[in-house]
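[1] Give me the fold of what follows.
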Amino acid sequence: MVSSAAMAIRIVEIHAAEKPDALNTEWFIVENNGQRPFSTRNCSLTVSVKGKKKRTQLGTMEPGFTLAPGQKVRVITGNPGRKAHGKAPEDDVQNYNLFLNASVLRGGGTVLTLALRSLPITKATYDPDAETGIADGK
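    Modelled structure (predicted):
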């Protein structure tokens with residue numbers, strides 16, 4: 001069973017790549033609104049398109065990261081060592097790279113799901129027209 005701390009984990013922003021190969025500019029932010037730390041170790045990330053059943057598992061977060069209460073982490077698609085992937089944002093939000101070679105977002109309606117042992121922790125639907133990049137502000 002997923003702990004109550006896990007239920008407070010949310011994807012609060014999604015940002016598409018500035019150019020197709022600039023994978024370090026494609027990211028989403030995960031936030032812990034709970035009262036206890038949450039580890040993403042062994043969490044899987046899947047992507048699907050709204051209205052379609054097929055989901056693609058992008059992998060398992062190893063070693064993952066720990067989100068302290070109130071903390072946000074930016075999960076970046078690309079590899080920081082690849083110049084072609086562009087430059088990742090640099091601010092107070094910690095970055096965690098997935099080291100993928102292709103874009104995660106498949107246009108508007110892309111659904112990102114973070115799960116632990118196949119139980120969804122959080123999911124969000126990408127909307128390129130929304131201020132946060134998330135459909136319905138959720």
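[2] so where's this structure shaky on pLDDT?
    1-7, 137-138 (pLDDT under 70).
[3] Do a quick rundown of the strands in this protein.
    For the chain, applying DSSP state E gives strands covering 9-15, 27-32, 38-39, 43-49, 55-60, 66-67, 72-76, 94-97, 110-116, 119-125.
[4] Pick the most deeply packed of those.
    Among the strands of the chain, strand 27-32 has the highest mean neighbour count (mean count of other C-beta atoms under 10 Å), at a mean of 22. C-beta coordinates here come from the backbone N, C-alpha and C atoms, glycine included.
[5] Sheet-wise, list the partners of that strand with their directions.
    strand 9-15 (antiparallel), strand 72-76 (antiparallel) (DSSP bridges).
[6] what angle separates it from strand 119-125?
    Compare the direction of strand 27-32 with that of strand 119-125 by axes from the mean of the first three to the mean of the last three C-alpha atoms, to 10 degrees and you get 130 degrees.
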